[in-house]
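*Asks:* got a predicted structure plus its sequence, pasted below:
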Amino acid sequence: MSAEKKARMAQLSVLSKYGVLADFSALQEAQLDRALKAVVSVKAAQGMTFAKWCDQVLGQGARVPVASFLATPGQTQFSSLTATTDLAKSLKAQDKQHQITVKGYQQQIEQLQAELQALRDEQSKTAAAAEQAWSRDLPAQLSYWYLDTCAHLHEILWDINEVEGAIFEQQGQFNRDYRRRIGEIIGQALSHLDALGFTLDVQLQEITDKADKSLPPIELYHSRSGEDDGHGQQRFDFVVHGVQADVIEAAGNFLHPGRAQREIEKHRRFSCQVDVAISRGHALDEDDVFHLSCYMHKLFEAMARAGDKRPRGSLREKVILCLLLSRTAPCTTARYARAGALPRLQDIYYRGITPREARKPGAASDVSSGKIVEHLLHLMHIQGGS
């Protein structure tokens, strides 16, 4: 590199760092190298004299002319004022290069923003497609939900024994054992329905003969999603009476392990209010919703029928009806359907029911055992091809 070019580079470097425009044309190469290194910090330079700054930056005893923009006599040759034209060109070139660099960064930012937006659009499309596929798969998932819930009910059905003979003879498990087991099954069933996109609210209200009816309800289950807005959703609700208090502990231990349970006297009875809503994005056929309401109604009734001192025949009946309803659900039987439409449980239910009876709260889900069996026989007749 020539001495002239190195001098211009040193001038530009010092100007950029210290803001001082100096003439380095008379400096030796070693001094120019020191100027390019510029070991003195800007902060330290502010407290120095010009002589000390020159000694530190350029070398001991070195001094250079500095442009201080003093008054210029009129007789001064203009050519002498343009001696720094090369420096001005260098500054302009550097500024132009910086502008090109900034423009390149701006283009990269715009490109990255476009790619990010494309990824977001693709993610939105993928999520929408997944939600639609999830909605289409919901009947299949509900079918597996029936099978999983009923696997535990089978175990209870096999173990139910009638209470007969002397009290000291083997009577099987106590009613409370069945009751608590069904409470755990219900807790698991509610948790799985919640995961499938259902919004559930299950509360227990104490049954009392006292005049005070303002006792606060006990929350057995409430969906985490909180999506229920009450508008445009499929929903059903029902009430089951005579639920014994210890099911709260049984279901609570499954749903909320480790949480302290509220102290409640074991003999107290409650009415169980069940409210279920299906998300608008995961709608089910009307037949599936009706059938699910009937199944859940019988499942909660089984828990109530397992109360102390109640005959076990009623408990056995409710468990059997749950098993029958799980096998005749539209989402389950559709996989084995032959040509032609399958009979619907709600058609059998509403046959012979007056409009006034049908309007009672929870009436639609409280289908009789006879109609459940009749629906099963119709399905067997059609699927058997006879």
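*Replies:* Structure received. Note that the coordinates shown come from a computational prediction; the quantities given were computed from them, not determined experimentally.

*Asks:* am I right that residue 235 is in a helix?
*Replies:* No: counting by DSSP: H, G, I helix; E, B strand; the rest coil, residue 235 is located in no helix; its state is strand.

*Asks:* heading C-terminal from the helix ranked longest in the chain, find the next helix or strand.
*Replies:* Secondary structure of the chain read by DSSP state H shows that its longest helix is helix 85-159. Downstream of helix 85-159, the first helix or strand assigned by DSSP states H and E is helix 175-195.

*Asks:* give me the helices and strands touching that next one, please.
*Replies:* helix 85-159, strand 198-206, strand 218-222, helix 246-255, helix 286-305, helix 312-327 (3 or more CB pairs under 8 Å, 6 or more residues apart in numbering; DSSP states H and E). All C-beta spots, glycine's among them, are computed from the backbone N, C-alpha and C.

*Asks:* pull the CA atoms of it into PDB?
*Replies:* The C-alpha trace of helix 175-195 is given here as PDB (Å, rounded to 0.1, in the frame of the first residue of the first chain):
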ATOM      1  CA  ASN A 175     -72.200 -51.500  48.400                       C
ATOM      2  CA  ARG A 176     -69.700 -48.800  49.200                       C
ATOM      3  CA  ASP A 177     -67.000 -50.700  47.300                       C
ATOM      4  CA  TYR A 178     -69.100 -50.700  44.200                       C
ATOM      5  CA  ARG A 179     -70.100 -47.100  44.700                       C
ATOM      6  CA  ARG A 180     -66.600 -45.900  45.100                       C
ATOM      7  CA  ARG A 181     -65.400 -47.900  42.100                       C
ATOM      8  CA  ILE A 182     -68.100 -46.500  39.900                       C
ATOM      9  CA  GLY A 183     -67.200 -43.000  41.200                       C
ATOM     10  CA  GLU A 184     -63.600 -43.600  40.000                       C
ATOM     11  CA  ILE A 185     -64.900 -44.900  36.600                       C
ATOM     12  CA  ILE A 186     -67.000 -41.700  36.300                       C
ATOM     13  CA  GLY A 187     -64.100 -39.500  37.200                       C
ATOM     14  CA  GLN A 188     -62.000 -41.200  34.500                       C
ATOM     15  CA  ALA A 189     -64.800 -41.000  31.900                       C
ATOM     16  CA  LEU A 190     -65.300 -37.300  32.500                       C
ATOM     17  CA  SER A 191     -61.600 -36.600  32.200                       C
ATOM     18  CA  HIS A 192     -61.400 -38.400  28.900                       C
ATOM     19  CA  LEU A 193     -64.500 -36.600  27.500                       C
ATOM     20  CA  ASP A 194     -62.900 -33.300  28.500                       C
ATOM     21  CA  ALA A 195     -59.800 -34.300  26.500                       C
END
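
*Asks:* pLDDT score for residue 150?
*Replies:* The per-residue pLDDT reported for residue 150 equals 86.

*Asks:* residue 326 is in contact with that one, correct?
*Replies:* Yes: contact status for residue 150 versus residue 326: in contact at 4.5 Å, counting by CB atoms under 8 Å.

*Asks:* shaky segments in the stretch 201-350 of the chain?
*Replies:* Segments of the stretch 201-350 of the chain classed as low confidence (criterion: pLDDT under 70) are 209-214, 225-233, 249-266, 280-283, 333-344, 346-350.

*Asks:* do that again at 90, thanks
*Replies:* Scanning the stretch 201-350 of the chain for pLDDT under 90 picks out 202-236, 241-272, 277-291, 302-317, 319, 324-350.

*Asks:* over to the stretch 1-150 of the chain?
*Replies:* Per-residue confidence of the stretch 1-150 of the chain (counting by pLDDT under 90) places the weak regions at 1-108, 110-144, 147-150.

*Asks:* what about residue 268, distance to residue 315?
*Replies:* In this structure, residue 268 and residue 315 are 20 Å apart, going by CB to CB, to the nearest Å.
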